[in-house]
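S.K.: how would this look folded up:
(chains A, B, C and D)
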There are 2 protein chains.
Amino acid sequence: MTTDTLVPVFAALGDETRWSILAALGEGDASASALAGRLPVTRQAIAKHLAVLQEVGLVEPIRVGREVQYRVLGKQLTDTARRLDAIGAEWDRRLAAIKRIAEGL
Amino acid sequence: MTTDTLVPVFAALGDETRWSILAALGEGDASASALAGRLPVTRQAIAKHLAVLQEVGLVEPIRVGREVQYRVLGKQLTDTARRLDAIGAEWDRRLAAIKRIAEGL
DNA sequence: GATAACTGCAACTATTTGATTGCATTTCCT
DNA sequence: AGGAAATGCAATCAAATAGTTGCAGTTATC
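M.R.: Predicted structure coming up:
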């Protein structure tokens, strides 16, 4: 289990604007144009963010006639959460082991 | 529950070099100089990364004589994981509700 | 007390990236 | 068919950031 696939997901999640997009999509699917109506950035900026989010599997495009709606994918978030939790627990486990050895037990 | 405090943590985690620092620290506390011996970047670059990681609570400085050792904090990672999991689950819950309404149930 | 090792600060560079404007293209609807 | 609304692509700009070098300040150790 490497962090190769994990890091780009965090990079994607490390931007406020992308979170506001995700938050909006969390209330229902929407197109880039529709999102541009609600957020203080241009449609093109939103389109780029959506491309980033799609790249890391946080969002999925759905063609509906002439527009492309985007759906947020909770699974990717919960999967990422599980991996993070495992890594954090592993750190604490190892450091506790080192401490035990240092105390000569 | 806002994402204000969450986003900087992700921004910090969205960099490969910082992960290699975290991975090294996961095997035991170390100073910036010690880390510079193992990683292909300068001590000063590592110092900057450690400052970022400390800022978001992923790492903690421990003064030991003339050097400053850093310890990785698994709790911050597991806490972040819980919040992520909750958000992802909420998205799926809402979208399922919308789908039910759309189907007229 | 001198020297060596470690940390801290500052200036600078190059790359990345978030955001914009402008235009071309596709697709629906009357 | 023609107009309106949506997406796609390209060039450009400014700010953020990862990285470097150089030097000053601290703290052990001999």
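S.K.: Only C-alpha atoms from now on, for both contacts and neighbour counts.
M.R.: OK.
S.K.: Flag every buried residue along the helix ranked longest in chain A.
M.R.: Counting by DSSP state H, the longest helix found in chain A is helix A:74-102. Within helix A:74-102, the residues that qualify as buried are A:74-78, A:80-81, A:83-85, A:87-88, A:91-92, A:95, counting by 16 or more other C-alpha atoms under 10 Å in any protein chain shown.
S.K.: Considering only those, which also neighbour chain B?
M.R.: The overlap between these and the neighbourhood of chain B (criterion: C-alpha under 8 Å from any C-alpha of the partner chain) consists of A:74-78, A:80-81, A:84-85, A:87-88, A:91-92, A:95.
S.K.: got JSON lines for these, with pLDDT too?
M.R.: Supplementary listing: these in JSON lines, determined by pLDDT from 0 to 100:
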{"residue": "A:74", "pLDDT": "97"}
{"residue": "A:75", "pLDDT": "97"}
{"residue": "A:76", "pLDDT": "96"}
{"residue": "A:77", "pLDDT": "97"}
{"residue": "A:78", "pLDDT": "97"}
{"residue": "A:80", "pLDDT": "97"}
{"residue": "A:81", "pLDDT": "97"}
{"residue": "A:84", "pLDDT": "97"}
{"residue": "A:85", "pLDDT": "97"}
{"residue": "A:87", "pLDDT": "97"}
{"residue": "A:88", "pLDDT": "97"}
{"residue": "A:91", "pLDDT": "96"}
{"residue": "A:92", "pLDDT": "96"}
{"residue": "A:95", "pLDDT": "94"}
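S.K.: What parts of chain A come near DNA strand C?
M.R.: Contact residues, chain A versus DNA strand C (C-alpha under 7 Å from any atom of the strand): A:15, A:17, A:40-46, A:49, A:64-66.
S.K.: and those, which of them are in strands?
M.R.: Cross-referencing these against strands under DSSP state E gives residue A:64.
S.K.: ok, and the most crowded of the residues of chain A next to DNA strand C?
M.R.: Neighbour counts for the residues of chain A next to DNA strand C peak at residue A:46, which has 21 neighbours (criterion: other C-alpha atoms under 10 Å in any protein chain shown).
S.K.: who's in contact with that residue?
M.R.: Under the criterion of C-alpha atoms under 8 Å, 6 or more residues apart in numbering or on different chains, the neighbours of residue A:46 are A:21, A:32, A:35, A:36.
S.K.: Please name the residues that touch the third one.
M.R.: Pointing back at residue A:35 there. A:21, A:24, A:43, A:46.
S.K.: What is the nearest of those to residue B:53?
M.R.: Minimum distance to residue B:53 across those is 25.8 Å, recorded for residue A:21 (C-alpha to C-alpha).
S.K.: Can you lay out the contacts of residue A:46 as a markdown table showing pLDDT and secondary structure?
M.R.: Listed next are the contacts of residue A:46 as a markdown table, based on pLDDT from 0 to 100; DSSP: H, G, I helix; E, B strand; the rest coil:
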| residue | pLDDT | secondary structure |
| --- | --- | --- |
| A:21 | 98 | helix |
| A:32 | 98 | helix |
| A:35 | 98 | helix |
| A:36 | 97 | helix |
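S.K.: Filter those down to the buried ones, PyMOL style.
M.R.: Typed into PyMOL, the next command selects the buried ones out of the contacts of residue A:46 (criterion: 16+ other C-alpha under 10 Å):
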select buried, chain A and resi 21+32+35+36
